[in-house]
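In: My questions concern the predicted model and sequence given below.
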Amino acid sequence: MSEPILELRGLTKIYPGGLKALDHVDLEIRKGEIFALLGPNGAGKTTLIGAVCGLVRPTGGTIHAFGQDIASHWRDARRRIGLVPQELSTDMFEPVIRAVSYSRGLFGLAPDKGRIEEILRSLSLWEKRNDRIMTLSGGMKRRVLIAKALAHEPDLLFLDEPTAGVDVELRKGMWAIIGQMRARGVTVILTTHYIEEAEEMADRVGIINKGRLITVDDKSAMMAKLGRTEAHIALAVPMSEIPPAIASFPVELENGGMSLRYRGGDGTGKGKAEVAELTKALTRAGIDYTGIDTRESSLEEIFVSLLDHEEAAA
Amino acid sequence: MIAWRSTWSIYKRELVRFLRTAFQSVLAPVLTTSLYFIVFGAAIGGRMPDLSGVGYGSFIIPGLLMLTLLGETTSNSSFGIYMPRFTGTIYELLSAPVGVAETLIGFVGAAATKSLILAAIILVTARLLVDYSIAHPLLAVVYIMLVAAAFSLFGFILGIWADNFEKLGIIPMLFLTPLTFLGGTFYSIDMLPEPWDKIALFNPIVYLVSGLRWTFYGSADVNFGLSLGITLCFLAVCVAIIAYIFKTGWRLRA
């Protein structure tokens, strides 16, 4: 296992109004990974990022970055952390290149025109370098924010909803950029509403709700642990009850007995194999069917079911 | 240890922002001050007796300079920190490896620099309209820098305190400008009848105007040492308040 680049222990934030935005969050981020933090609005994602980046003062707990407590070594930590905020917050009157160069200087690095050019080119912003940010499209503005965050060559980069409000094409472009960062060895923590984003990009996924980290796992392990296969088998002749030949399968009747619904498996493909066995059992029992629709549950369904489970437990 | 490269970045950016709006930032106060000189210095001043052995037109120069200096320095500095808070761009400053020293030297230094540029332009403009000389030029420059630094800090506090544009403008408009007018800009407090000449001494701006006037003409309403002491005390109080703000994160960090 890679060494942790960031460790949160019992991180808690209670806002003055009494809202508990973070509730004893424990989290370890490994060097070089892409970690996706999923959660609904108000779950505490941005507060967590803010606590690490110095925008939010934690009420309790500790944060260690690069092996050091950031409360006492905040300068060293911040030099190596980059942040792309959710909002398009930048001086809109500034030309792109000046805004990015400013960020590099602000973080204490000497001017490096070559490095700035490299960053702007990698984000397809070089041609726009002398344009005022206000004249750029929303997607380009977001890329400017990424360029600003990369200007000081961070080892750990936070992307708060990097693709919020951008179209599908641009979102895929953003995923490619995040992939480039990983290739450079940058550890990326991204928050997102888009489950497909986490599914596409992340090595590990954390699900947060109401300030509590519900689960953290490798994406594939989470899919395996919580994933399900769902199959709908359209019957040639309606049934009134489940016949004994398939009673051992996790099936139930739906649509007034017109079809069978299978829900099982574990996200590793076991479900698909079981559906195949089910169809064989139906054939052996002489039960005819006219169609099969099979699909694996997405991370989104896992996310929703976890939240539902949380709600029910509360 | 101060991160000078970060400080320079903040300072340079603030000055560039100033240059971007140079027409408005420079022309408006220069025009306003010129009008004061024309009306009070050239038109009315010609019919006024000398004050403390100085012609009226020359007498009002330090006061008018202070009027512009206090207003512009406070608003430059308060806008400098309020706008990033308002637009959300302050996230970058708060997440950067910069502390109170870098932030203050950067923002306040830039605001003070802008004010000094403005003061120089006003003095040159005044020279075209009124004849004057400066008795203690070096002290005048040092004192102007001190006042500019103190009110830049004060503006910085205002910019952090304000949570809307109304609050941002209320202190300069409702307190600073009236107090400067009543602080001996256009008259010597000796000219005030009892008990107003004593009450006027409770106005802190009296000491600032008087201090600058002493550096110009070698005589003023109050002792220069007292003016200098009050200015330094004000500066120290502002630094202490800002240090407290950074320590607690008041209105900066959630």
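Out: Now that the structure is in, tell me what you want to look at.

In: so which helix or strand takes in B:I122?
Out: helix B:100-129 (DSSP states H and E).

In: next helix or strand past that helix?
Out: In the C-terminal direction from helix B:100-129 (assignment by DSSP H and E), the next one is helix B:137-161.

In: ok so, going back, quickly check: the helix holding B:I122 near chain A or not.
Out: No. Helix B:100-129 does not reach chain A (C-beta under 8 Å from any C-beta of the partner chain); its nearest approach is 9.0 Å. Yep, even glycine has a C-beta here, placed from its N, CA and C like the rest.

In: in that helix, what's buried?
Out: B:101-119, B:121-123, B:125-126, B:129 (16 or more other C-beta atoms under 10 Å in any protein chain shown).

In: same check, this time on stretch A:216-235
Out: Neighbour-count burial for stretch A:216-235 [16+ other C-beta under 10 Å]: A:216, A:219, A:222-224, A:226-233, A:235.

In: Which two among these are spaced furthest apart?
Out: Spatial extent of the buried residues of stretch A:216-235 (C-beta to C-beta) is set by the pair A:V216 and A:L235 at 41.8 Å.

In: B:I241: neighbour count?
Out: By the criterion of other C-beta atoms under 10 Å in any protein chain shown, B:I241 has 17 neighbours.

In: err, A:F158, not the other one
Out: For A:F158, the count of nearby residues is 27 (other C-beta under 10 Å).

In: tell me the phi and psi of it?
Out: In this entry, A:F158 is assigned phi and psi values of phi -100, psi 130 (degrees, to the nearest 10).

In: Ok, B:G55 next?
Out: phi -60, psi 150.

In: Check B:I2 too.
Out: Torsion angles, degrees, to the nearest 10, at B:I2: phi -80, psi 130.

In: My read is that it contacts B:I105, right?
Out: Yes. Shown here, B:I2 and B:I105 form a contact pair, counting by C-beta atoms under 8 Å, at 7.2 Å.

In: What strand or helix carries the nearest residue to A:F249 once chain neighbours are set aside?
Out: Spatially, and ignoring its direct neighbours in sequence, A:F249 is nearest to A:L278 (5.0 Å; C-beta to C-beta, 6 or more residues apart in numbering or on different chains). Following DSSP H and E, the helix or strand that holds A:L278 is helix A:270-284.

In: Which other helices and strands does that helix contact?
Out: Packing contacts for helix A:270-284, counted by 3 or more C-beta pairs under 8 Å, 6 or more residues apart in numbering or on different chains; DSSP states H and E, involve strand A:229-235, strand A:259-264, strand A:289-296.

In: Where do the helices of the chain begin and end?
Out: Using chain A here. Taking DSSP state H as the criterion, chain A contains helices spanning A:45-53, A:74-79, A:96-106, A:113-122, A:138-150, A:168-183, A:195-201, A:219-226, A:270-284, A:299-313.

In: oops, I was thinking of chain B
Out: Going by DSSP H, chain B shows helices at B:4-20, B:22-36, B:56-87, B:90-95, B:100-129, B:137-161, B:165-171, B:177-180, B:196-199, B:204-217, B:224-248.
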